[in-house]
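Student: sharing a model that was predicted from the sequence below.
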Amino acid sequence: MYIKQAFKNKHDWWLYLAGLALIVIAVILGQIPHTVALISKALQSGVELGGLDPNKMMQLLESNLNLFLMLLSFAVGLLGLFIVVKFLHKQSITSLTTSRSKIDWKRFWFAFLFWGFISVIMIMIDYQSSPENYVFNFELKPFLILVAIAVIFVPLQTSFEEYLFRGYLMQGIGVICKNKWVPLTVTSVLFGMLHLANPEIDKLGYILLVHYIGTGFFLGIITLMDEGLELALGFHAANNLFTALLVTADWTAFQTNSIFRDISDPDIGAFEIFSSVLIIYPILIFIFAKVYKWKNWKSRLIGPVTKEA
């Protein structure tokens, strides 16, 4: 049901290529303020941008300003995506979001609050078990500014990624290939590859791509099984928002005025990587499946996509 929503609108393959190009242009335009700010600061400081690694580059600007400018490109990208869907494909945002007659915000908030609670618990457990890895980073004024920026712009960032990969590309590739397993696989791998530029990859190695690609599959599976983006939107927003507010490190994509700073040497083992993909995500899928009574797994995940009901 979810993918074939696109059949009701303009869905020629070349429209998706043109639309994707326009979305990329929107993201590039959204990056201009950040790029200008970084160049200006580098010139003032006498720093050569070309010789800086991504971590040092992110530290040129004040933390909250850098976060705002970085997230701005995603907000502009989301606006561009909505314009493409509305005017190029003549499709409603609702049908890009869900197969239901209207967006089910209860699903969004369930995933958001549930994973937000789990995220806080996991961070607190790690803090209690290894307090030497953290320093108390809280400062009231910068933190309140962070909250204002993060609450507005982090969900826009995560929504852009969900609407692009699990929405626009999932539906577009699905109606072109006439099946579900190809868009599920392609969007999950592309989602993982998108994170290649993250500083975490530089510090922890390419094995981290297993986590990112696995996360793509997890979000794709819950989107297809639930016939909509609501759960994926809620989960992704909670994952990034609570992390940005609670803990930061000098080697992460989000370097914020969070409550704690992780000062441990960046290191991650195969168990940590594979446990999220092979243990945590399957448990979450099981919980969502029980709550929303998912059925017809084979049909919803690898079945054909046709115009017929």
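Tutor: Now that the structure is in, tell me what you want to look at.
Student: contacts, neighbours, all on C-alpha from now
Tutor: Noted.
Student: C-terminal to the helix or strand bottoming out on mean pLDDT in the chain, what's the next element?
Tutor: Least confident helix or strand of the chain, by mean pLDDT, DSSP states H and E, is helix 54-58 with a mean of 68. Next helix or strand after helix 54-58 toward the C-terminus (DSSP states H and E): helix 63-83.
Student: tell me the buried residues in the helix or strand hosting residue 40?
Tutor: Taking DSSP H and E as the criterion, residue 40 maps to helix 13-45. Residues 15-16, 19-20, 22-23, 26-28, 30-31, 34, 37-39, 42 are the ones in helix 13-45 that count as buried (16 or more other Cα atoms under 10 Å).
Student: for the residue nearest the centre of the chain, give me its contacts.
Tutor: Nearest to the mean C-alpha position of the chain, by Cα atoms, centre = their mean, lies residue 158 at 4.0 Å. Going by Cα atoms under 8 Å, 6 or more residues apart in numbering, residue 158 touches 233, 236, 237, 240.
Student: so which helix or strand takes in it?
Tutor: helix 140-162.
Student: shouldn't residue 42 be in contact with residue 59?
Tutor: No - with contact defined as Cα atoms under 8 Å, residue 42 and residue 59 do not form a contacting pair (10.8 Å).
Student: residue 39 versus the residue located most distally from the centre of the chain, what's the distance?
Tutor: For the chain, the residue at maximal distance from the C-alpha centroid (Cα atoms, centre = their mean) is residue 46, at 34.4 Å. Distance, residue 46 to residue 39, by Cα to Cα, to the nearest Å: 10 Å.
Student: now swap in residue 176 and tell me
Tutor: 42 Å.
Student: before we move on, what about residue 193?
Tutor: Applying Cα to Cα to residue 193 and residue 39 gives a distance of 27 Å.
Student: from what I see, residue 41 and residue 61 are in contact.
Tutor: Yes - proximity of residue 41 to residue 61 meets the contact threshold set by Cα under 8 Å, at 7.2 Å.
Student: okay, and the common contacts of these two?
Tutor: Between them, residue 41 and residue 61 share no contacting residue, judged by Cα under 8 Å, 6+ apart.
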